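Trainee: Pasting a predicted model and its sequence here:
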Amino acid sequence: MSTEDQVYEESHGRRESFEEKLDRNWNDLLQELRVMQTGAQIITAFLMTLPFQNRFDDLEDYQVGLYIALLVFSALMTGLILAPVAIHRKLFGLHVKDATVAQGHRIVKAAVLGIGVMATGCVAFIVDVVAGDRLALIIGGAVLVVMVGLLWILPRVLKHSAVTRNPNPRT
């Protein structure tokens, strides 16, 4: 075991090498991506079927614009979620897993917020079609506030609390 590995083991309380830590972190990222990918694919599939429904022709111009924006955004979110896998495939065997894990971590953070925005937009769109734009703004705004709270504020509060309790956390 190298000195770097021993220091890592002693300061973090795990018996794993740096490479094992990277493997564990990569596997954690993949699990998170699997969860997000399913949600993003379901929303994208839902959006892709809408134009083939009879009532789609009854949408107002701004509703069609919102629909197109949501469709494009969901397709881009699907691409974002697939990006870590594409990066890993391209860099496989080059011994740069630390960079792959770091980039994957950044992408997952962006994707979590993006899926929250996408789900909020879909709720607002559906409520607008079903009950009108005033209620869509109220409900969409409420969903956005909850999403920001759950996906951005809560993790920050929990991280701050954890760091305060344990200044040398395990990763």
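Mentor: Looks like it arrived, so ask away.
Trainee: what's the following helix or strand after the longest helix along the chain?
Mentor: For the chain, the helix with the greatest residue count under DSSP state H is helix 97-131. Moving toward the C-terminus from helix 97-131, the next helix or strand (DSSP states H and E) is helix 133-148.
Trainee: contacts for that next one?
Mentor: 116, 117, 119, 120, 121, 123, 124, 125, 127, 128 (Cβ atoms under 8 Å, 6 or more residues apart in numbering). In this view, the C-beta of every residue, glycine as well, is placed from N, C-alpha and C.
Trainee: Settle this for me: residue 128 is touching residue 65, isn't it.
Mentor: No. Between residue 128 and residue 65 no contact is recorded; they are 11.5 Å apart, counting by Cβ atoms under 8 Å.
Trainee: Neighbour count for those two, which is higher?
Mentor: Counting neighbours by other Cβ atoms under 10 Å for residue 128 and for residue 65 shows that residue 128 has the greater number, 22 against 11.
Trainee: Tell me the buried residues in stretch 55-68?
Mentor: 59, 63, 66, 67 (16 or more other Cβ atoms under 10 Å).
Trainee: Same list, these, but as TSV with pLDDT and distance to residue 74 please.
Mentor: Below are these laid out as TSV (pLDDT from 0 to 100; distance: Cβ to Cβ, whole Å):
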residue	pLDDT	distance to residue 74
59	94	17
63	96	16
66	96	12
67	96	11
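Trainee: among these, which are in helices?
Mentor: 63, 66, 67.
Trainee: residues touching the first one, list them.
Mentor: Residues touching residue 63, when contacts are defined by Cβ under 8 Å, 6+ apart, comprise 125, 128, 129.
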